[in-house]
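Student: output the structure for:
(one chain, ligands or ions: 2)
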Amino acid sequence: MLQMERTLVLVKPDGVQRQLTGRVIGVFERRGLKIVGLKLIRITPDLAGRHYAEHRDKPFFQGLVDFITSGPVVAMVIEGKNCIAVVREMMGATDPQKAASATIRGRYGIDIGRNVVHSSDSLESSNREIALFFKQEELLDYTLDIQKWVYE
Ligand code: IDP
Ligand code: MG
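Tutor: Ligands and ions are numbered 1, 2, ... in the order given. Next comes the predicted model:
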């Protein structure tokens, strides 16, 4: 049995406004990862504060909350083998100018406060963040028929 993980990915307001949603989703789809939850939402200040609770005392916190609540985001839960680390790697470093150029942030971002995407950084974070954004019944269990071509 494959050891599957789930991770929360957000296309942040800059990514949605720049109409990068389809490209971002496509990057994960082409890697063979499975989308098990997906929606367009407007993050409330309360949800933003809880999602970014670890940054509450940082100087950039208020700007981060203002930004993440400034327009729609696309929230998704992605499932795959070791996918928390795999998706972090695909997303690239927090500062897009330090991100490898083949990553999402390296391809599409310039400024740290406009870095297009979010993904969970650990199993603990992914469990916490998925529960913040999705109800259990919004996450679908289904078979993706390509899986036998992705996993040995
Ligand atoms: P991550 O998104 O790569 O996990 P975190 O350190 O968790 O990075 O920071 C959360 C978000 O806060 C980042 O994606 C970025 O948009 C923003 N951020 C982090 N550090 C700074 C900073 O020094 N200035 C402005 N914004 C920052
Ligand atoms: Mg983080």
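Student: can you dump the C-alpha coordinates of the worst-scoring helix or strand of the chain on mean pLDDT into CSV?
Tutor: For the chain, counting by mean pLDDT, DSSP states H and E, helix 147-150 ranks last in confidence among helices and strands (a mean of 96). Taking C-alpha atoms only, helix 147-150 is exported to CSV below (Å, rounded to 0.1, in the frame of the first residue of the first chain):
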residue,chain,number,x,y,z
GLN,A,147,-2.0,6.1,-10.6
LYS,A,148,-0.5,2.8,-11.8
TRP,A,149,1.5,4.8,-14.3
VAL,A,150,2.8,7.2,-11.6
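Student: could you find the closest non-adjacent residue to Leu123?
Tutor: Leaving aside its sequence neighbours, Leu123 sits nearest to Ile84 (Cβ to Cβ, 6 or more residues apart in numbering; 6.3 Å). The way it works is simple: take the backbone N, C-alpha and C, and place the C-beta from them, glycine included.
Student: which elements pack onto the helix or strand harbouring the one you found?
Tutor: Assigned by DSSP states H and E, Ile84 belongs to helix 83-91. With contacts defined as 3 or more Cβ pairs under 8 Å, 6 or more residues apart in numbering; DSSP states H and E, helix 83-91 has these neighbours: strand 4-11, helix 21-31, helix 104-108, strand 117-119.
Student: indicate which one of these is closest to Asp46.
Tutor: strand 4-11 (16.1 Å; Cβ to Cβ).
Student: alright, I will stop here.
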